[in-house]
Each structure stands twice: as C-alpha cells, then as structure tokens.
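Colleague: I would like to see how this sequence folds:
(chains A and B)
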Amino acid sequence: MSSPTSRSESEGASTSYALLCDGVRRWVHRNEWTALRDIQEEAVPLVLGGDRDLIVAAPTAAGKTEAAFLPICSSLVEDPPTQGLGALYISPLKALINDQQRRLEPLCEAIGIPIDSWHGDIPDRRKRRVREHPDGVLLITPESTEALFVNHGSAMSGLLGGLRFVVIDELHAFIGSERGRQLQSLLHRIELAARRRVARIGLSATLGDMQVAADFLRPGGGGDVAIVESSRDGRTLKVQLRGYLATPPKVDDGPMATASLEDLATGDQLEIANHVYEQTRGRDNLVFANSRRQVEQFADLLRRRCDRERVPNEFWPHHGNLSKSLREDVERMLREPTKPTTAVCTSTLELGIDVGSVSSVSQIGAPFSVAAMRQRLGRCGRRPGDASALRLYVSEQSLEPGARLQDDLREEAVQAIAVLELLIDRWYEPPVDGALHLSTLVQQILSTIAQHGGAKAGEIWRALCGSGPFECDQPTFSELLRGLAGHDVIQQAGDGDVILAPKGERIVGHYSFYAAFATPEEYRLVADGEEIGSLPISFSPAEESHLIFGGRRWTVLGVDHERRVISVRPSKAGRVPGFQGGGGEIHDGVRARMQEVYEGEEVPVYLNPTARRLLEEGRRAFRELGLDRRQMVERSPGAMFFPWAGDRVMRTLTLGLSLSGCKAHSEGVAVVAPGKSIVELAEALRETFVDGEPDAYAIASQAGALQTEKHHRLIDEALLARDFATSHLDVVGAIRSVTAVPGVGADDA
DNA sequence: GACCTGCTGCGGCGTG
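Modeller: Residues are numbered from 1 along each chain as shown, chains lettered A, B, ... in the order given. Alright, predicted model coming up:
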C-alpha cells in the first residue's frame, strides 16, 4: 500500500471490518490501518451481499480499489468459486493494470488467492497458465477480453462458470464511446457465457449525475445499482485565471536563439512559458494543454529557458504520439521525489496512472469540459490538508478594426470563466450515450460468430440487442446483416447459420480486430535507431526540414514512405508539427453559463488584471452588439445566430440550414450564414426547425464524411446517416434553441 | 482550434 493513511473518527466503530474474513482482517491490521475509509465502510457489506451492482465514486487515491477488493477477496476465501475465475477487473489502461497488480498482490498473496494480469504486454506463457488453470482474480483490458472470446470461445464457459464479480475501473472513461459500448457488450457476453448474473462494480471519478453511470453499468437496470460516493472532497481550491494579449513573435534573446530557422513563439506564449517556469521549477507539476502541438511548443520554450539559465531541464512533454519508453521516463521522473519534474501534457495524464503527488496543476487554454478539468485538478493536492492549486492561462488577440466577432467577445476568456464557475458549483457534464454504435455492433456480431463458430441471425440479435446493450431493432439489424453479406464479410451456411465469409475471417483473424476504435495510419519517428514516437501520415516533412518532438529539436534525415519511417538527427532548429485528430465537444451547459457570464456584472476574484480587462471587453462587446436583448446580429460576412448551445446543437443547426439551401457554418459560439440578412437567416431557421418536422437522417446526410468509425466502410449510407444522427446531432435541442428566439419561435410566427 | 485508449496463437527451431 502506498500511503496507509487512516481516519480516527470511525476507529473501533467499524461494523464492516467485522464482516471481512480473518485473513483479510489480519492483512488490514498488519498494514496498520486503524480504520476503513468511508467508501470502504459503505461498500463492504454491499459487495459481500454478492448480488448487488455497485458504483464507488471518489477522487483518485481515496481507496476505491480496496473498497472493492477487500470484500471481494474475503468472499472468494470464504466461498471459493466452483470452477474458473472468481473475479475479473477490467481497466482502460495497461499501465493501470500494472499499478493495480502491484497494489493487490500483497493482499491476494496473504490470503492465498491467485492474481494475474492479461494484456498485450504480458508474455504468452503467463496467458497460457491462466487459460489452463483459471483461478482467483484476473486483471484485463476490454481488448484482451475480446480476444479471449474470439480465440477461446468454447473455453469461456469453463473460464467464467464460477465468476461472481466484475470490477470496472475508471468507469467514467468508457461512457459514451465506441469502447464503452464494446465494454457493455462484453459484460453481457460474460454473463451469457457464465450462465449467471455477475455483480458489476464500477469505480469512477465523481460525476454530476451518477444515475447515468448506473444505467451504463447495468443497461435497463440502473435503478437497482447501489451508489457509494465519497463525502470527503472538501479540499480547498486555489485558482487563478491569467489573461494575456497576443503580441507578434519576438526574437528570443539567448544563446540558443536560432530565429531564422524556426517558427517563433508569439509574445504571449513566451510570457506564459516564463510564468509557468517561475511558478513550477523545483517541484513536481502537471501542465495541461489542449493539443499535442501546444504541448510540444511549450515544452520546447520551457526547456530553452532552462538552457538559457544554465540549469538542468526539468520540463518534459507527455502525449499520445510519444513512444511508450519516453512517456514512461517522464512518469518515472514524476514519481522520483528527489527529481523535480514538470510534465507538459495532454489528457494522457488525466486518468489514474501513478505519478506520485504533484504540487500544482496548470491549464494552458480554456478547457473544453468541466469534467475533464475536475479530473485534471484531482491529480494534485492529494495529501491530506493540501490545497488544489490551479493556474489557468488564456490569451486573446489584440483588438483592431475588423477583428473577428469572437475576438471582440473574448470567447476564450469567457469560456474559461464559465468552466471555472461550473467547477466551483460542482456541476459536471452528464455523460450521454444514446448512440446506435453500429461500428461496434458490427465488431460484436463478427466476434459472436467467431466465438460460436456460427449462429442463427435471431440468436445473435437476442444476445447483442434483445437482451444485450445495443439499441437496434430487428429490421435495422437485418439491414445491417444484409449489408455485411453484400460486402462479403458474412454468409449463410447450409443449416441457416450465419458464418464468417473469407473477408470476415481476415478481419477477425488479424489482431487489430480486438479494439473497437480506429487508429489513424502513422509514420514511425526514429532517431539513431531508437523509436521516439509517431507522426500522422498527413505530416510529410521534407528532408533537412526541422522538427520539435519529444521536447527536443531534430533535423529530418530521410523519409521512407514504403516502411513509413521518418529518421531524424538532433539539431538546434525546430518547428512544431501539426497533429491530426478531433478534440472534445463543448456541452450545452458550458455555453449556457457563458451567456450568463456575459449578462452578469460580477467579476470573479480569481482573475488577474488582464483577465479582468478581457472580461470587461467581452461584456462590452456583448452589450454593444445587443446580444443582451437579441440572439441574431448582422455583421460581415453575414447574419449570425447565437443559440448559446453546445457543439451538437450547433452542428445540427448548420447542417439543417444547408439542407434548406442556406449555407452556414459555426464559428465559436455563433452560427454564421455568409451573405444572408437576419431576416433571411431567421426565415431559414423557422422553415427547417419550426414549420417543418426536421428529419434527423436527412440532416445527417448533409454531413460530408459519414464514415467516422472503424467498421463504417462495411455499412451502407442510409444506416450510416442514422448512426451519425444518434451520435453527433441533437435535433430536439436545435428545435428548442430556435423556438426560444423571439420573432422566430412558433408562438410568434 | 481540437484527447485518449488497445492488440493472438502457434509451429518450428535451438539451447541448457
């Protein structure tokens, strides 16, 4: 156990402790815990009951793992499973599995319960041992669970026949994604193979609406899921929002300056980097940025500042395109108490990987979501009595005649304030998941066929949709199957069973099949024979061009398009590469709060003078445009509509408008219709969203690229439009936002 | 102006 802290108030009064078996009690005692934590106290009897699904919601390091495993281990000792595994632990990250194995091994060893891990980095012989002698606890990823079904379908009943518990770590990280739906399907298929209901225990960060998480954990039975939430989250939050004004690039004045060979940082970026440097040096910190590009840019600026001061560098980038070994180096340095390290990172360090304790968290750029900001904040101030310290940096353009409207409105600063205010109010985006997830349904169909060697169409539908988590009716399912047959992926055998066709065999037979999500093709980046990371295929650098990557600067030696390898050597000049990839979506709640911030007069105390000025300027522009009285304005290049709604509604509005012949796009908080007057835009909105019955599928078909997920190329256009509508559109929200506009809404029409 | 995650089993060969 890393930090066996204790709480004295419940000492000696624990009834839950008395419920645990002798061996577990001895282990707790030997580790000098004088009492169970609140969530453990509550979870123990619920888990010991054995038939109750449960969500344990608490910040990282609150003892969630033990809340689940003290009673699970106790139960497995007192009542050993008749055959196979007793408990499964499913985690979204391999690193987390490794952390948890280290953490749980002493407990399991002490009471004689076998514990094993299974993921892509585990050697084959260990996996074989688990297959041949399944027993105790297994820690596994969703992808490896999928591989078990595909490759050992007939062995699953024996493996899982005695299974009593499934623990899902970081439950919130799964909700709403293709991977989340895959997990739900696997949970259901586990119960089908075990021929019994298995208690599901979700470990989660505190979320706004736990009922959504409960419905996710047990589709159709969320109401019966017990929820154990930590009451102990009363840490003080020290927050500062720092505003900056963009100034043109200026030549960096140091021995490392190589002005002619690089794209220069702008003045505001330099100021932000300098402030980060002064506030964080000498301790362990996390600095989050909104893109990998920014991560590289700021890591480079901070390293050069260290060079200039002739001190050892302690700033390292951490993002998804860096090689595993470079990332692990950074994680190791963060854990080392004697080596001050600041990681400049994307959401890679948002989940619960062990990075020790950090003394501050910074965020460069307005956060996209409150939940993610909360999660990032949870990574610091973890020792009792510590305050969480957050510094948030935003920069805005200098206002010149003809500036863009969103610059006038100081959108980024106001978004940052809105997110912070919601955070202080303890509001978080509720997770949503009403999507069809047809790509993942295709994966699960193929996997189910492979598991059984073939099955009747009706049986597959019942397993995945009828009794399983996919919300897909039989006619739609049949349409999907016909499409798969048309693509030569499946075929019908003589006995009527659906089996894999040769193309389907190839898809399922490749190891890339197990993941539900798609991965873009990339070039490997190699320096001196060592792989340092990867770059998107769209980034095709010329020889002798310069690159900033992994916190260092490189010159490109050559590009091997055949083998997809870029080789580089160290250099003094560099340029930040662009990465592809989509970011998060902004939720309705954030945009609604932004409107309130514009309309309000209060000035939050956590603003520095520049941030205060930005807020004043934004509010002034808001009033001057008349946005306090109306939602439409006319300004170059055309009419603009401010629905104060999230990205889904914005997308629905622009696509719906183009369906009725009015070309429109969204720019930040505004829907813009170039060349149109307010009257024309209002007319088009009314026509589409008030007078007519908007057809979500027709709106979806206006979107250019419908093939966004892994198996979409195997699905016909009409079904893809429905998939897109359920995952990317909000027609009800769009109608609501249009009808609310005076002069456009139904009441005024 | 934009995140992240994951990945098999087997047959054949050589060595201690």
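Colleague: so residue A:17: helix, strand or coil?
Modeller: helix (DSSP: H, G, I helix; E, B strand; the rest coil).
Colleague: would you mind measuring from it to DNA strand B?
Modeller: The gap separating residue A:17 from DNA strand B is 34 Å, by C-beta to the nearest atom of the strand, to the nearest Å. Placement of C-beta: from N, CA and C, glycine included.
Colleague: and the gap between the nearest residue to that residue once chain neighbours are set aside and residue A:196?
Modeller: Counting by C-beta to C-beta, 6 or more residues apart in numbering, residue A:17 lies nearest to residue A:36, which is 5.9 Å off, once chain neighbours are set aside. According to C-beta to C-beta, to the nearest Å, residue A:36 stands 29 Å off from residue A:196.
Colleague: tell me how many other residues surround the residue in the stretch 151-300 of chain A positioned nearest to DNA strand B.
Modeller: Using C-beta to the nearest atom of the strand, the closest approach of the stretch 151-300 of chain A to DNA strand B is made by residue A:291 at 3.1 Å. If you count neighbours by other C-beta atoms under 10 Å, residue A:291 ends up with 17.
Colleague: what's the helix or strand for the residue nearest to residue A:17?
Modeller: For residue A:36, there is no host helix or strand (DSSP states H and E).
Colleague: please apply the same query to the one 5 residues further on.
Modeller: In this structure, residue A:41 sits in helix A:38-49 according to DSSP H and E.
Colleague: before we move on, what about residue A:351?
Modeller: Secondary structure assigned from DSSP H and E places residue A:351 in neither a helix nor a strand.
Colleague: with adjacent residues omitted, what lies nearest to it?
Modeller: Leaving aside its sequence neighbours, residue A:351 sits nearest to residue A:170 (C-beta to C-beta, 6+ apart; 5.6 Å).
Colleague: phi and psi next, for the one you found.
Modeller: Backbone torsions for residue A:170, taken as degrees, to the nearest 10, come to phi 50, psi 50.
Colleague: let me see the contact set for it.
Modeller: By C-beta atoms under 8 Å, 6 or more residues apart in numbering, the residues touching residue A:170 are A:91, A:92, A:93, A:96, A:203, A:204, A:205, A:351, A:352.
Colleague: so which of those reach DNA strand B?
Modeller: The subset of the contacts of residue A:170 within reach of DNA strand B, by C-beta under 7 Å from any atom of the strand, is A:92, A:93.
Colleague: show only the entries of the contacts of residue A:170 found in strands.
Modeller: Using DSSP state E, the subset of the contacts of residue A:170 located in strands is A:203, A:204.
Colleague: can I get the contacts of residue A:170 in JSON lines with pLDDT?
Modeller: JSON lines is the format used below for the contacts of residue A:170 (pLDDT from 0 to 100):
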{"residue": "A:91", "pLDDT": "95"}
{"residue": "A:92", "pLDDT": "94"}
{"residue": "A:93", "pLDDT": "92"}
{"residue": "A:96", "pLDDT": "91"}
{"residue": "A:203", "pLDDT": "95"}
{"residue": "A:204", "pLDDT": "91"}
{"residue": "A:205", "pLDDT": "81"}
{"residue": "A:351", "pLDDT": "81"}
{"residue": "A:352", "pLDDT": "73"}
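Colleague: ChimeraX command to pick out the buried ones of the contacts of residue A:170?
Modeller: Buried residues within these, by 16 or more other C-beta atoms under 10 Å, are selected in ChimeraX with:
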select /A:91,92,93,96,203,204,205,351,352
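Colleague: return the member of the contacts of residue A:170 nearest to residue A:594.
Modeller: residue A:205 (24.1 Å; C-beta to C-beta).
Colleague: so the residue lying farthest from the centre of chain A, which state does it fall into?
Modeller: Outermost residue of chain A with respect to the C-alpha centroid, by C-alpha atoms, centre = their mean, is residue A:494; its distance is 44.7 Å. Under the three-state scheme (three-state DSSP), residue A:494 adopts coil.
Colleague: now do residue A:316
Modeller: Going by three-state DSSP: residue A:316 is strand.
Colleague: which ones are touching it?
Modeller: Residue A:316 neighbours (C-beta under 8 Å, 6+ apart): A:299, A:329, A:330, A:333, A:341, A:342, A:343, A:344, A:551.
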